[in-house]
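Undergrad: Structure for this input, please:
(chains A and B)
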Amino acid sequence: MSGKHDLVLSVNGRDYAVQVEPRRTLVDAIREDCGLTGTHIGCEHGVCGACTVLVDGAPVRSCLMFAVQAAGKAIRTVEGLATGDELSVLQRAFMEHHGLQCGFCTPGFLMLVTGVLEREPDIGDEELIDVLASNLCRCTGYQNIIKAVRAAAQELRTK
Amino acid sequence: MAQPKQKFVGRSVLRLEDRPLLTGAGRFAADISFPGQLHMRVVRSAHAHARILAVHTADAAALPGVHAIWTAADVAHIPPIDFRLTKLVGLEPYRQRALATDRLRYVGEPVAAVFAESAYVAEDAAELVQVEVEELAPVLDALQEPQAFADGLRSEPAVVRKGFGDVDAAFRKAHTVVELDLTVGRHSGVPMETRGLIARHDRTRDVLELYGAAKVPHWNRAQIARMLGRALESVQLYEGHVGGGFGVRGELYPEDLLVCAAALKLARPVKWIEDRREHLLATNHSRQQSHRVRAAVDADGRILAIDDEFFTDQGAYLRTHAATVTDLTAAMLPGPYRVPAYRAVGHVRLTNKTPCGTYRAPGRFESTFVRERLVDAIATRLDIDPIELRRRNLITAAEMPYLRTLGTLGTEIELDSGDYAGLLDKTMAHLDWPALQRRLAQRRAADELVGAGLVMFVEKTGLGPRDLARVSVDGDGAVEVVTGAASVGQGVETVIAQICADALGVDYAGIRVVHGQTDRIAFGMGAFASRVTVMTGEATRIAAAKVRARAVEVAAELLQAPPDLLDVVDGRVVRTDAPEGPSISLGEIARTLAASPDGGLCAESWFQTDHMNYPYGVHAAVVAIDRGTGAVTVECYLVAYDIGKAVNPMLVEGQLVGGVLQGLGGSLYEEFRYDERGEPLCVTFADYLLPTAREAPPVDVLISEDAPSPLNPLGLKGAGEGGASAVGAAVAAAIDAALGMPGAVTALPVTPRKMREILRQETL
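TA: Okay, here's the model as predicted:
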């Protein structure tokens, strides 16, 4: 608990020198030490997925990882998805298909799906549902999230 | 002046809210921080019922980084939290204080508050606070005889009685009496964002600021000012993004008072972010009720009377909603049917569990389950097709408006408009009900447990009594609408912008809609009871129409044209007889008015109404049951909903589908369970099961606009709750059908364990 570690977190291609206790979670470090509050905390026990970020390309629940474990790894968060003002294909699909209401769970879903579609661009519709079932949304009933993700997957495949 | 055209109202335009939320630029409660802030951690009761002997804080206070620790004595000057709705006589002694004084009444009740330099240290310190108690026997069943709550007070603060007609005479002459015992489990809204509050005292201006407000900022502002002995103008509440509300978020809770009082006393900003375990223990629960209901019917199945006695398990205290859920249950139970005589007796009973409030469709989810189960039971008893039985009892379009002679929320229930049978016809055709039933019968013949249920309901939306909106155009032509509404993620900015855009004659996309800021507008009712589109929408429309009229009046002079030949199109006043001719922008008009006594191109308007309006709908579910596991799969779901007039059909559909899934949660998965000592068993998402994408059925939505509300010019009714209202009833009917056991479902949620119990009865 005592003593802080100096480490460098690489988030969205930028390095952040931070000083953290060993017990500090990655999500707290991203939000409080790097100032990137787009990653949200929904349960802090690894079920809801609101805090999902990509670590070396894989979706990770940043509430279940310590910041010190992420040193030297490439972290990506929702702030890194758009290119300037241009939304990513997935972000745009969420808007066009009304895949968000309150928007609290949205960054987690965006990172989860971004990671999965990069690794498995040809993932089937049923497998996608299994992937989406790893995060929770309380507003949409998932229907429009599923529509948005299928549309984005389709568009990315034909790109 | 030309009549405004509907260019945006009625269209599924994209949301104005989305871009910041999609790019990580949202500003939720936890995203707000101030230099020098302290972090609060609440020490909560570990006992369902106990007498406090001592609270030991020395060890915790000794921890480096701990700034202060408060117990009840530190907040003794703060009165208990008052009621916002359904304040009946005699309820005051049952209110909750900011910190428990001598008794602990539920696991999770705030006992002490730690203020520290970091959230981690505050949590460490909270674990070192020791609460010494003498345990008392808990009350955990609302059906148990009321106990002593305090000296001279019983644990039944109120009994709500409603009714009309001669119920006893109806039962005496009844052909048949059908009687049921039904229960609805304890579940709640559980938004993905937990509660969060940041209070800050700006000593320069002597203003107490509270961030993280939601739902009812103006009401909370007035309460906080009163309770802390401050002038109203010295307290301001600010709503940022809100990660879901569903009735529970934004009510005034003990933590709101603690952070405010601490920011004043400790002279530092104070931040509190609820964690998920706390949320499941401390934020309002809802729904739990037991009903003993009976119906008197004639030989044709026509309802002669309904008599319902029910018990609401209210939890440990009466919070801001007082008796609201019980009252709404009693008021809304008759639903879409002609009920000549009616009696409801609703007991509000306290137990040693988390206190309850409203959750999306309060009183309707419960009463729709009860009423529709009852109607299905009548159909079974008299061997009449359940849909035909409903038809015989529906109030007809010709009978509208239909006075229920019941009241709730300070209004008289008058069903304003509706063609219930018409919507039923549309739904049956849309589903091709006979063909669906044939397919299901074939599958049952092949030994599958599948079935369909169809139920009906009436919603209530657009609660008044009033709302205020201010529309202004600046010198650059930018339009701002300032409202007293609140946004909990439902799309308020888009819908209000659509209404303003049409009434004013501008594009919706450039309109800035302000909500939830008490320093921007003096009055606001907030977001509850599916009221914003109706109430704030209509206030906005009137204000925008005034601005448009003023712009045309000024333009008539400037353009030397008769006003009746002028129209406002895309932000410019143009001649209808010469659209390509001279025109003038709203910005230019605003500039010419800048020095005028009325303060520019702007207008403020109230909308008042004494009545709610009443959308209605049909829910239908198809379920399949796994004999081995008892799991119920909802294969598909339909909501037919008459909304009067949909401002944005895409958002209406989103509200309905989201509501359905929450309803399914309470029908099949979600339940706050307690052990025999009152220890809560569901304090993580591993135990309190929210539905995921895997459980989400395809939901078909049929929006109809057959019955515009006569109570506002656009005919609007609300959309927020009709997706949830009838899910329990529909799923129960579908399970009965799948099992071929009418009346099998008497309790929600139908978890796999309960389903296996029902399956065992089937094989007996």
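Undergrad: what's around B:R11, how many residues?
TA: Residues within reach of B:R11, counting by other C-beta atoms under 10 Å in any protein chain shown, total 15. All C-beta atoms are positioned from the backbone trio N, CA, C, and that covers glycine.
Undergrad: Helix or strand for it, just tell me which one.
TA: Applying DSSP states H and E as the criterion places B:R11 outside every helix and strand.
Undergrad: can you pull the contacts of it?
TA: B:R11 is in contact with B:498, B:648-649, counting by C-beta atoms under 8 Å, 6 or more residues apart in numbering or on different chains.
Undergrad: which stretches of chain A form strands?
TA: A:5-11, A:14-20, A:52-55, A:58-61, A:74-76 (DSSP state E).
Undergrad: ok, now the stretch 151-300 of chain B?
TA: Along the stretch 151-300 of chain B, counting by DSSP state E, counting those that start in this stretch, strands occupy B:153-154, B:158-164, B:176-184, B:196-202, B:207-211, B:235-238, B:270-273, B:289-297.
Undergrad: what's the spacing between B:A429 and chain A?
TA: According to C-beta to the nearest C-beta, to the nearest Å, B:A429 and chain A sit 23 Å apart.
Undergrad: Now name the helix or strand holding that residue.
TA: helix B:420-431.
Undergrad: is it true that B:M650 lies in a helix?
TA: Yes: when classified by DSSP: H, G, I helix; E, B strand; the rest coil, B:M650 is found to be part of a helix.
Undergrad: any weak-confidence spans in the chain?
TA: Let's take chain A. A:1-2 (pLDDT under 70).
Undergrad: ah, I was thinking of chain B
TA: B:763-764.
Undergrad: so what are the domain limits for it?
TA: What automatic domain parsing lists as the domains of chain B is B:18-26+B:463-608, B:32-138+B:189-282, B:142-188+B:285-394, B:415-459+B:614-764.
Undergrad: export the ones you listed to a markdown table and tack on mean neighbour count?
TA: Shown next, in a markdown table, are the domains of chain B (neighbours: other C-beta atoms under 10 Å in any protein chain shown):
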| stretch | mean neighbour count |
| --- | --- |
| domain B:18-26+B:463-608 | 21 |
| domain B:32-138+B:189-282 | 20 |
| domain B:142-188+B:285-394 | 22 |
| domain B:415-459+B:614-764 | 21 |
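Undergrad: Those into CSV, with extra columns for distance to B:P401?
TA: Listed next are these as CSV, based on distance: least, C-beta to C-beta, whole Å:
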stretch, distance to B:P401
domain B:18-26+B:463-608, 16
domain B:32-138+B:189-282, 24
domain B:142-188+B:285-394, 14
domain B:415-459+B:614-764, 5
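Undergrad: distance of the nearest residue to A:F109 once chain neighbours are set aside from B:V573?
TA: Once flanking residues are discounted, A:F109 sits nearest to A:N135: 5.5 Å by C-beta to C-beta, 6 or more residues apart in numbering or on different chains. Applying C-beta to C-beta, to the nearest Å, the value for A:N135 to B:V573 is 49 Å.
Undergrad: Pull up the gap between B:G315 and A:L9, please.
TA: B:G315 sits 43 Å away from A:L9, going by C-beta to C-beta.
Undergrad: next one: B:G678
TA: B:G678 is 44 Å from A:L9, by C-beta to C-beta.
Undergrad: swap in B:S45?
TA: 39 Å.
Undergrad: pretty sure B:A125 is touching B:L63, no?
TA: Yes: look at B:A125 against B:L63 with C-beta atoms under 8 Å: they come within range, at 4.7 Å.
Undergrad: and for those two, which residues touch both?
TA: By C-beta under 8 Å, 6+ apart, the residues touching both B:A125 and B:L63 are B:A116.
Undergrad: Excluding chain neighbours, what is closest to the residue in chain A that chain B sits nearest to?
TA: Closest to chain B within chain A is A:G38: 2.1 Å, counting by C-beta to the nearest C-beta. Leaving aside its sequence neighbours, A:G38 sits nearest to B:G24 (C-beta to C-beta, 6+ apart; 2.1 Å).
Undergrad: dump the residue contacts of that neighbour.
TA: Going by C-beta under 8 Å, 6+ apart, the list of residues near B:G24 reads A:36-39, A:77-79, A:81, A:107.
Undergrad: try 10 Å this time
TA: By C-beta atoms under 10 Å, 6 or more residues apart in numbering or on different chains, the contact set of B:G24 is A:12, A:36-40, A:77-82, A:106-107, A:110, B:31.
Undergrad: Top of those by number of neighbours, please.
TA: Busiest of these [other C-beta under 10 Å] is A:T106, holding 31 neighbours.
Undergrad: That residue is in contact with A:G38, isn't it?
TA: Yes: between A:T106 and A:G38 there is a contact under C-beta atoms under 10 Å: 9.4 Å.
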